[in-house]
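>>> A predicted structure for the sequence below; I have some questions about it.
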Amino acid sequence: MIIYDKAKYIAVGGFLIGILILGGCGQQTSKGGPPKGGVPETAVVVIKEEQMAITTELPGRTSAYLVAEVRPQVNGLIQKRLFNEGSDVKAGDLLYQIDPAPYQASYDSARSALAKSEANLSAIRSRAERYKELVEIKAVSQQEFDDARATLKQVEAEIDVNKAAVETARINLAYTRIVAPISGRIGKSNVTVGALSTAYQGSAFTTIQQLDPIYVDATQSSAIFLQLKRSIASGRIKGDGPGQAKVKLLLEDNTPYPLEGALKFSDITVDPSTGSLTLRMVFPNPRHTLLPGMYVRALVQEGVVSRAILAPQQGISRDYKGNPFALIVDGSGKVQQRMLTVDRAIGDKWLVSSGLKPGDRLIVEGLQKVRPGAAVKVVPFDAARKAGPGAATPLQAPAKTN
């Protein structure tokens, strides 16, 4: 009875093992065959060459085109302030009036001294001329003639000194009227009526800034600057185009500034603490939208790539080392992997330096369903987008095949 039970158990065990072996073979056969649903479908974009302006977005700050700090040039009490703080003034407008009384008195005194000297000049000159004739006929001594001539020269020199004194007094009197040296917007007044001013004092009465046009000072990395020079030298970027110096601006709230500016100059010294260069741009500012000290972003057009390769960013992935790659569909309908060299992002695309060529069909959707060497069904990218919001799929790095 025991022998019979053992034989029964052995037969049942063999039957179960056979079923497991057949099931494993079936699974292997299923894996080796085509995937369920047939050939996977992918959306592609055909790569084309196009002319592209190369722009760089640089952070910067605005600064006034002209800045004038208003200071007194004579001592005295401030009698009047003749401007409204924060208003626009023109060059020559009267801003402050310093008490002119002592300077008017000095000017009048200098003029009187000059008039006295000039009054004596006529008589002394006539005497010198008479003595010159008399000394020739021995009517006067040579000593008397020499004294008359010396007196004449002394009076002439005294007149020159008095003229200089009159001019100095006139200038000081004019300095009691403090006028605007430039046109622009004036700031707050740091002094009030009745305050005592000191000539050439350290603190300014007020500051005037010309805001139209206005400067934008931006910083550019020296590494990017060198990369640009190499690209221009190799001919990949044309840096001498007519639109090279055009600059656009984004304001602090990310809105575009409506007026276009121009690149003024690039600094010749690299800041050792930041490793960057300073670029100065000039923008028209008729409505005073830009104020000194505002943070902005400048879009500087550096050059033009006549045969640029632009690839959609969703079609570019990176391997575990961070190297960019793309999957394309070759002429036989199979997937190939291409390692790329990318320059920079332009909008929602990458500027590709190498790895893609015109006519390549770049896979931008359905990447998770394919791998290099697999056959795929190709549909245009626009048609795939119309299939619905779920048509786009996240990018996955494909497994490497030997």
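Good, I have the coordinates.

>>> where along the stretch 1-150 of the chain do the strands fall?
41-46, 49-70, 76-81, 88-89, 94-98 (DSSP state E, counting those that start in this stretch).

>>> just the stretch 151-300 of the chain next, same as before
Using DSSP E, counting those that start in this stretch, strands in the stretch 151-300 of the chain cover 177-179, 184-186, 196-197, 206-221, 246-250, 261-266, 276-283, 295-312.

>>> quick revisit: quick one: closest of the strands of the stretch 1-150 of the chain to residue 317.
Among those, the nearest to residue 317 by CB to CB is strand 41-46 (13.8 Å). Heads up, the C-betas are built off the backbone N, CA and C, glycines and all.

>>> And the closest one, what does it pack against?
Using 3 or more CB pairs under 8 Å, 6 or more residues apart in numbering; DSSP states H and E as the contact test, the elements touching strand 41-46 are strand 324-329, strand 361-365, strand 377-380, helix 381-386.

>>> just to revisit the earlier point, nearest to residue 280, of the strands of the stretch 1-150 of the chain?
Nearest of the strands of the stretch 1-150 of the chain (CB to CB): strand 49-70, 8.8 Å.

>>> List the buried residues for the closest one?
52-56, 58, 60, 62-65, 68, 70 (16 or more other CB atoms under 10 Å).

>>> Kindly report the same for stretch 83-98.
Result for stretch 83-98 [16+ other CB under 10 Å]: buried residues 83, 89, 95-98.

>>> Residue 69 contacts residue 207, correct?
Yes. Contact criterion CB atoms under 8 Å: residue 69 and residue 207 qualify, at 5.3 Å.

>>> Break this structure into its domains for me.
Split into domains by automatic domain parsing, the chain comes to 41-52+308-386, 55-65+211-305, 71-208.

>>> Rebuild these as JSON lines, extending it with mean pLDDT.
Compiled in JSON lines, the domains of the chain are given as follows (pLDDT from 0 to 100):
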{"stretch": "domain 41-52+308-386", "mean pLDDT": "85"}
{"stretch": "domain 55-65+211-305", "mean pLDDT": "81"}
{"stretch": "domain 71-208", "mean pLDDT": "90"}
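
>>> what residues are up against residue 280?
Neighbour list for residue 280: 215-217, 263-267 [criterion: CB atoms under 8 Å, 6 or more residues apart in numbering].

>>> Repeat the analysis, applying 7 Å as the threshold.
Contact analysis of residue 280 by CB atoms under 7 Å, 6 or more residues apart in numbering lists 215, 217, 264-265.

>>> tell me, how many neighbours does residue 205 end up with?
19 (other CB atoms under 10 Å).

>>> ok, it touching residue 68?
No. Under the criterion of CB atoms under 7 Å, residue 205 makes no contact with residue 68, lying 11.0 Å away.

>>> Common neighbours of these two, please.
Common neighbours of residue 205 and residue 68, using CB under 7 Å, 6+ apart, do not exist here.

>>> rewinding a little: right, so of the strands of the stretch 1-150 of the chain, which gets closest to residue 288?
Nearest of those (CB to CB): strand 88-89, 8.8 Å.

>>> Give me the contact list for the closest one.
Taking CB under 7 Å, 6+ apart as the rule, strand 88-89 contacts 83, 180, 183-186, 208.

>>> So what touches stretch 132-146?
So stretch 132-146 is in contact with residue 131, going by CB under 7 Å, 6+ apart.

>>> Please state the offset of it from the chain centre?
In terms of CA atoms, centre = their mean, to the nearest Å, the centre of stretch 132-146 is found 81 Å from the chain centre.

>>> Flag every buried residue along it.
Per 16+ other CB under 10 Å, stretch 132-146 contains these buried residues: 135, 140, 145.

>>> any idea which residue sits dead centre in the chain?
residue 218 (3.0 Å; CA atoms, centre = their mean).

>>> what are the bridge partners for that one, then?
Applying DSSP bridges to residue 218 gives these bridge partners: residue 60, residue 279.

>>> Run through the residues that contact it.
With CB under 7 Å, 6+ apart, residue 218 has these contacts: 58-60, 279, 281, 298.

>>> which one among the residues you listed gets closest to residue 324?
Using CB to CB, the contacts of residue 218 come closest to residue 324 at residue 58, 24.2 Å.
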